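J.: here are the coordinates; sequence isn't available:
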């Protein structure tokens, strides 16, 4: 009886050790460059450089090809939210990764380059080409609530 119980415990421990945990990465940006595709010249043209806050969350659930991405941008006094489910992940270089994102209304691509600390977000797909892109200069949060600050109450 003891051996059967021990065997069951060992099997449960083995199954739990192979289970993958959810992974969430958060990036913060205080600047972004906004580009539009110019059909006439066949290239992306810089439209604007913005110095406003952006938070990018990448949550992988179970694997790199499952999860969702949320991009929350502060833009001229308004908050813009872009989000979608991860449908594919590819390792484009040793450190660089690319996620394909889909939602009900959009198809997009997100590329993270840790060497340059940039995230490139391509969206508004028209046929084979994305018509808009943003390049964010990012810093990853090491602690989930690293951006939160504590306010101490003092009695006068």
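T.: Okay, I see it. Treat the numbers as computed from the prediction; the structure is a model and nothing was measured. Numbers count the residues shown, from 1 in each chain.
J.: low-confidence ranges in the chain?
T.: 5, 7, 9-22, 142-156 (pLDDT under 70).
J.: Do you have the helices of it handy? List them.
T.: 2-18 (DSSP state H).
J.: quick one, strands of it?
T.: 23-38, 43-50, 54-60, 67-75, 78-91, 97-102, 107-113, 118-126, 129-140 (DSSP state E).
J.: Quick one: these as CSV, columns for distance to residue 6 and mean neighbour count too.
T.: (C-beta placed from N, C-alpha, C; glycine too.) CSV is the format used below for the strands of the chain (distance: least, C-beta to C-beta, whole Å; neighbours: other C-beta atoms under 10 Å):
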stretch, distance to residue 6, mean neighbour count
strand 23-38, 32, 16
strand 43-50, 61, 12
strand 54-60, 35, 19
strand 67-75, 37, 18
strand 78-91, 39, 14
strand 97-102, 42, 18
strand 107-113, 45, 19
strand 118-126, 49, 18
strand 129-140, 43, 18
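J.: Distance to residue 8 for these - can I get that in a markdown table?
T.: Putting the strands of the chain into a markdown table (distance: least, C-beta to C-beta, whole Å) gives the following:
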| stretch | distance to residue 8 |
| --- | --- |
| strand 23-38 | 30 |
| strand 43-50 | 58 |
| strand 54-60 | 31 |
| strand 67-75 | 32 |
| strand 78-91 | 36 |
| strand 97-102 | 39 |
| strand 107-113 | 42 |
| strand 118-126 | 46 |
| strand 129-140 | 41 |
